[in-house]
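> need a 3D model of the sequence below.
(2 chains)
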There are 2 protein chains.
Amino acid sequence: MTDLSGRDLPEGFTAAGVACGIKASGNLDLALLVADRRCAAAGTFTQNRVAAAPVQWCRGLVPSDRIRAVVVNAGNANAATGAEGLADARRMAQRVADRLLCEPEQVLVASTGVIGRRLPMDRIEAGIAAAFPLLDHSVSAVENASRAILTTDTRPKVVGRRLDFGDDGQASILGIAKGAAMIGPNMATMLAFLLTDARLSPGLLQGILTSAVDDSFNCISVEGHTSTNDTVLLLSRQDGPYLSGEALKVFSQAVAEVCRELAQAIVDDAEGATHAIEILVSGCRDRDEAKAIASTVANSPLVKTAIHGADPNWGRIVSAAGYAGVPFDEAELSLSLNGITLYQAGTPVPFDVEQASQSLRQNRRVSLHLQLTRGEASLRFWTADLTAEYVRLNADYTT
Amino acid sequence: MTDLSGRDLPEGFTAAGVACGIKASGNLDLALLVADRRCAAAGTFTQNRVAAAPVQWCRGLVPSDRIRAVVVNAGNANAATGAEGLADARRMAQRVADRLLCEPEQVLVASTGVIGRRLPMDRIEAGIAAAFPLLDHSVSAVENASRAILTTDTRPKVVGRRLDFGDDGQASILGIAKGAAMIGPNMATMLAFLLTDARLSPGLLQGILTSAVDDSFNCISVEGHTSTNDTVLLLSRQDGPYLSGEALKVFSQAVAEVCRELAQAIVDDAEGATHAIEILVSGCRDRDEAKAIASTVANSPLVKTAIHGADPNWGRIVSAAGYAGVPFDEAELSLSLNGITLYQAGTPVPFDVEQASQSLRQNRRVSLHLQLTRGEASLRFWTADLTAEYVRLNADYTT
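Residues are numbered from 1 along each chain as shown, chains lettered A, B, ... in the order given. A predicted model of the protein is given here:
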């Protein structure tokens, strides 16, 4: 399994990205991903009670064995838009289906952007019409599609893998994602779309995706606000023999890696961030304990601002762990930051504050390790720091 | 029941505040509250697993019927300091007890400030020695004590009530508090100390305090980080007849009011804040539902930054309610902001955006009302907005 230097689409898929005027900036804002034949499709979605119209549309359609396309717009979330919003999401699917001579239920839809405004359907429909002639298998088509799904992201997120199954042939996976804020840990995830020419059944595909999402997109946060639109889709082109045995393991692992790399790319590009923070929590009784501690530390503004200020203020980290709801004793907890032990079995350890601070100033990547002595479970979680720039970006978004 | 224009100590209590060199600024940093005889005492404390030494000390002592004094320092939290820290907290009590010719277990201790550093015990002991000759019943003594417990607060918080029980005589309550950050909703509360010359038994006093804290200090947050040191103490001087009947009701209500006013004063003085936000959640099945929604909205950085930016971005508020873990349907939810309806039964309501934005620009106080149709329970919660100034203040606190 090797990285693609290029970001090629798997066999049978084409992509396009166009600007149809949803974003005021005039940037690309509508992406189309199309398969030349039916695909199995799996999906995971936001657990927010206020779920956007496209999420409601997709939830009823996957897992599926007959998906043909995904259409995505950025700049408008089509969320909290009531029955009219759901009709708009369906109409997006219908317009794509008209071109593909299939049913609207074979087209998945995703949206991201401002909540609570009707989609400008005339622009969306013009965008879909404009995208079809541009559909292409090339690297630049992937580039355009990956840019068209962005909102406040500063760069596209694309991860590819070529898989070699030995005697069982080859396949590839391509994933694109977006996310820069409204990234919270109780979600399915932000927008991410994975395509593969490896053939799997819908049920198997769903199991592999759910597991991969659980360790990747569900283990990141920017500010902990769960979006109304989080969507991850995985399409598997139904051609050739079904994957099985060792090839299936290789494929599952590759999906997990692509998801993790995309999730980390989202954190790396978090709004206003100056540090990407990996939090490893080990020695817990179970994964839920580890996740409760990791996500509480990750979402503490006091931890995030300390790291932004290159301040090894371990008291904030330890006290955040203390209110995570896990009934540990102080003496069960140790903490290191970028490999420097700050707190050991409930007691502060003398350390070179200037060296620790310098390590934070000089490295964009920060690693925190909270080690407990309660059991064997561990978990990794990724987040970003909190900066004045994040506040500025979010103090004036709609108006 | 009328507000005290002055902030007089209840009968039999004296106070003092001194600067003993714990704060680098040279500001007042040690407060002493002393009763002339035994008091009943009640307390509520942080639920953080990493509880500071003074919290550990006090937890074992209240409810009590023989407390004589409270000693408080600011500038150092004496938290995450292990067995040595607990010995230091005990020594603070011992030094006060030596002067009062009582046992150390009759002295309550509280600390606030940086986590993880040993207390400078020589300065603390010199401060206690310096405070005793200054103990006084005057308004300026209260002023000094209320200033000595502050950290990044910009002003002291003092609330008083004079109670008239008719034929049953009179009494008074005086409360002081501090808090500006590390204010989170799963706490007992930040530091607050209430004194009264009304006589109640320790058990009754504890019940009244717990109930008052539940609707006040446990319903505020700044950034949602639960402190290691949160402490509320209520001392009742044991002299004269016990309160009963109608007088007891008047007293309970007055304690609730004093706690609520102090809690609101903490939010009003939150670090960097430009808005104080009251969140009313009504129409829930029970109080827990209402609190889950209120605290999730209150702790969303996206909600806080929108209000800071005078941006009536109701989608952020509605979507925060959506991930609070309460299984409501979108159509059950309505929202108004400063009396302007933005969202009604799951559907956006057209409104004058400029008017709503102006209302946010012109008022430091903001009211949000999230109305559901699930039941009769409601709850009020108070928080502050999130500003670049908050980030600046917290990006460089210890170093």
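> got the CA positions of stretch A:44-64 in CSV?
Coordinates of each C-alpha in stretch A:44-64 appear next as CSV, following Å, rounded to 0.1, in the frame of the first residue of the first chain:
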residue,chain,number,x,y,z
THR,A,44,-22.6,8.2,8.7
PHE,A,45,-24.3,11.4,9.7
THR,A,46,-24.6,14.1,12.4
GLN,A,47,-26.4,13.1,15.6
ASN,A,48,-27.6,16.7,16.0
ARG,A,49,-31.4,16.8,16.5
VAL,A,50,-31.6,19.7,14.1
ALA,A,51,-30.4,17.7,11.1
ALA,A,52,-30.0,19.5,7.8
ALA,A,53,-32.3,18.6,4.8
PRO,A,54,-29.6,16.8,2.8
VAL,A,55,-28.8,14.7,5.9
GLN,A,56,-32.5,13.7,6.2
TRP,A,57,-32.4,12.9,2.5
CYS,A,58,-29.3,10.7,2.6
ARG,A,59,-30.2,8.9,5.9
GLY,A,60,-33.1,7.2,4.2
LEU,A,61,-31.0,6.0,1.3
VAL,A,62,-27.9,4.3,2.7
PRO,A,63,-26.7,1.6,2.9
SER,A,64,-27.6,1.1,-0.7
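> helices of the stretch 151-300 of chain A, start to end?
A:202-214, A:245-268, A:287-298 (DSSP state H, counting those that start in this stretch).
> in CSV, list the ones you listed along with mean neighbour count, mean pLDDT and distance to A:I340.
(Glycine included, C-beta is placed from N, CA and C.) Below are these laid out as CSV (neighbours: other CB atoms under 10 Å in any protein chain shown; pLDDT from 0 to 100; distance: least, CB to CB, whole Å):
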stretch, mean neighbour count, mean pLDDT, distance to A:I340
helix A:202-214, 20, 92, 31
helix A:245-268, 20, 92, 22
helix A:287-298, 23, 95, 17
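> got a markdown table for the ones you listed, with distance to A:D88 too?
Shown next, in a markdown table, are these (distance: least, CB to CB, whole Å):
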| stretch | distance to A:D88 |
| --- | --- |
| helix A:202-214 | 26 |
| helix A:245-268 | 26 |
| helix A:287-298 | 34 |
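> which intervals of chain A have sub-threshold pLDDT?
Low-confidence segments of chain A (pLDDT under 70): A:1-6, A:184-189, A:396-399.
> and the closest residue to A:R155 other than its chain neighbours, its phi and psi?
Spatial nearest neighbour of A:R155, chain neighbours left out: A:D269 (6.0 Å); criterion: CB to CB, 6 or more residues apart in numbering or on different chains. Phi and psi for A:D269, reported as degrees, to the nearest 10, are phi -110, psi 20.
> could you pick out the residues of the stretch 51-200 of chain A near chain B for me?
A:51, A:77, A:79-82, A:114-117, A:181-182, A:184, A:186-187 (CB under 8 Å from any CB of the partner chain).
> quick check: which of the helices of the stretch 151-300 of chain A is nearest to chain B?
Nearest of the helices of the stretch 151-300 of chain A to chain B, taken as CB to the nearest CB: helix A:287-298 at 9.2 Å.
> and the closest one, what does it pack against?
Helix A:287-298 is packed against strand A:276-284, helix A:314-322, strand A:365-371, strand A:377-384, with contacts defined by 3 or more CB pairs under 8 Å, 6 or more residues apart in numbering or on different chains; DSSP states H and E.
> CA atoms of the shortest one as PDB?
When you say that, I think you mean strand A:365-371. Output of strand A:365-371 as PDB, limited to C-alpha atoms (Å, rounded to 0.1, in the frame of the first residue of the first chain):
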ATOM      1  CA  ARG A 365       2.300  19.900  16.400                       C
ATOM      2  CA  VAL A 366       1.800  19.300  20.100                       C
ATOM      3  CA  SER A 367       1.400  15.900  21.800                       C
ATOM      4  CA  LEU A 368      -0.300  15.500  25.100                       C
ATOM      5  CA  HIS A 369      -0.200  12.100  26.900                       C
ATOM      6  CA  LEU A 370      -2.500  11.500  29.800                       C
ATOM      7  CA  GLN A 371      -1.700   8.200  31.400                       C
END
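> ok, now which ones touch A:L32?
A:15-17, A:69-72, A:96, A:128, A:131-132, A:135, A:145 (CB atoms under 8 Å, 6 or more residues apart in numbering or on different chains).
> drop anything exposed from the residues you listed.
With burial judged by 16 or more other CB atoms under 10 Å in any protein chain shown, the buried subset of these is A:15-17, A:69-72, A:96, A:128, A:131-132, A:135, A:145.
> now go through those and say which are in strands.
Of the buried ones among the contacts of A:L32, the ones assigned to strands by DSSP state E are A:15-17, A:69-72.
> and of those residues, the nearest to chain B?
Taking CB to the nearest CB as the measure, chain B lies nearest A:V72 of those, at 18.9 Å.
> measure the closest one to A:F193 for me?
The gap separating A:V72 from A:F193 is 7 Å, by CB to CB, to the nearest Å.
> closest point of the stretch 251-399 of chain A to chain B, which residue?
Residue nearest to chain B within the stretch 251-399 of chain A: A:G315 (2.6 Å; CB to the nearest CB).
> remind me, longest strand of chain A?
Using DSSP E, we find that the single longest strand of chain A is strand A:30-45.
> next structured bit after that one?
Downstream of strand A:30-45, the next assigned helix or strand under DSSP states H and E is helix A:53-59.
> which non-adjacent residue is nearest A:D36?
Closest residue in space to A:D36, ignoring its immediate chain neighbours: A:G12 at 4.5 Å, by CB to CB, 6+ apart.
> my read is that the one you found contacts A:A35, right?
Yes: counting by CB atoms under 8 Å, A:A35 is a contact partner of A:G12 at 5.7 Å.
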